[in-house]
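J.: one predicted model, sequence on top.
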Amino acid sequence: MNVHAEHHALHGDDPRPVRSAAEWADVIRAHGLRVTPGRVAALVYIDAHPHVSAADIYRTLREDLPSTSQQAAFNIVHDLHRHDLLRRIDLPDSDGAQYETRTGDNHHHVQCIICGRIEDVDCVVGASPCLEPSDTHGMRILVAEVTFRGICPACEEAEQERDIDLI
């Protein structure tokens with residue numbers, strides 16, 4: 001489990017309601033996909049632990065579905081992303097892509113540069129896209145993705161304690 005998933009597991013501060021397996025099965029069907037135990041388990045896990053890697057998802061799937069291969073887990077993530085059930089996030093300094101079930105709302109992210117924790121940031125100004133590029137080069141803009149980078153309070157406190165301990 002990555003640092004972000006551990007944070008949510010410990011602090012439970014994600015305000016979104018988590019969907020049940022039955023609800024995810026209905027969503028999978030509504031997107032024209034076959035409902036499989038792997039797809040349902042992946043969505044339940046990602047919904048409860050946003051911003052996890054495919055490797056995190058594989059480790060979790062393997063616990064409940066021991067016959068799941070790493071390739072099968074990656075295929076599940078790819079299919080769910082391709083059918084807009086998952087959002088893929090590629091952030092600097094993270095261990096590969098991260099996935100979340102919050103899709104279609106043009107939110108952004110803030111990432112701690114020390115521990116890698118990732119949190120959602122709602123778009124503050126206007127509707128999607130909330131940023132206007134200086135030149136679109138003739139393209140119709142669909143989404144504006146922004147990553148804010150900073151230091152989370154826990155890492156800030158640890159840094160301050162480390163500085164005090166050195167004196």
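T.: Yep, it's here. In this text, all values refer to a predicted model and were calculated from it rather than measured experimentally. Residues are numbered from 1 along each chain as shown.
J.: for this structure, which helix or strand comes out least confident on mean pLDDT?
T.: helix 3-11 (a mean of 39; mean pLDDT, DSSP states H and E).
J.: and the next helix or strand past that helix?
T.: Downstream of helix 3-11, the first helix or strand assigned by DSSP states H and E is helix 21-30.
J.: show me the contacts for the residue nearest to G104 when sequence neighbours are not counted.
T.: Computed as C-beta to C-beta, 6 or more residues apart in numbering, the closest residue to G104 that is not its neighbour in sequence is D84, at 7.0 Å. To be clear about C-beta, it is placed using only N, CA and C from the backbone, and glycine gets the same treatment. Residues near D84 by C-beta atoms under 8 Å, 6 or more residues apart in numbering: 31, 103-104.
J.: ranges for the helices of this structure?
T.: In the chain, the segments counted as helices under DSSP state H are 3-11, 21-30, 37-48, 54-64, 70-82, 153-166.
J.: next, the angle from the second one to helix 70-82.
T.: Right, helix 21-30. 70 degrees (axes from the mean of the first three to the mean of the last three C-alpha atoms, to 10 degrees).
J.: in TSV: the contacts of D84, plus distance to D64 and neighbour count.
T.: Shown next, in TSV, are those (distance: C-beta to C-beta, whole Å; neighbours: other C-beta atoms under 10 Å):
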residue	distance to D64	neighbour count
H31	22	13
T103	24	14
G104	28	9
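J.: lowest pLDDT pick from the residues you listed?
T.: Ranked by pLDDT, those bottom out at G104 (84).
J.: how near is that residue to H31?
T.: G104 sits 12 Å away from H31, going by C-beta to C-beta, to the nearest Å.
J.: so how many other residues sit close to G150?
T.: G150: 12 surrounding residues under other C-beta atoms under 10 Å.
J.: and it, bridged to which residues?
T.: Residues in a beta bridge with G150, per DSSP bridges, are C112.
J.: so it sits against H109, correct?
T.: No - the pair G150 and H109 does not pass the contact test of C-beta atoms under 8 Å, sitting 11.1 Å apart.
J.: deepest of the helices of the chain, which one?
T.: Highest mean neighbour count of those: helix 37-48, a mean of 21 (counted as mean count of other C-beta atoms under 10 Å).
J.: so which elements touch that one?
T.: helix 21-30, helix 54-64, helix 70-82 (3 or more C-beta pairs under 8 Å, 6 or more residues apart in numbering; DSSP states H and E).
J.: need those in TSV with mean pLDDT and distance to I113, can you?
T.: Putting these into TSV (pLDDT from 0 to 100; distance: least, C-beta to C-beta, whole Å) gives the following:
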stretch	mean pLDDT	distance to I113
helix 21-30	97	33
helix 54-64	95	20
helix 70-82	96	26
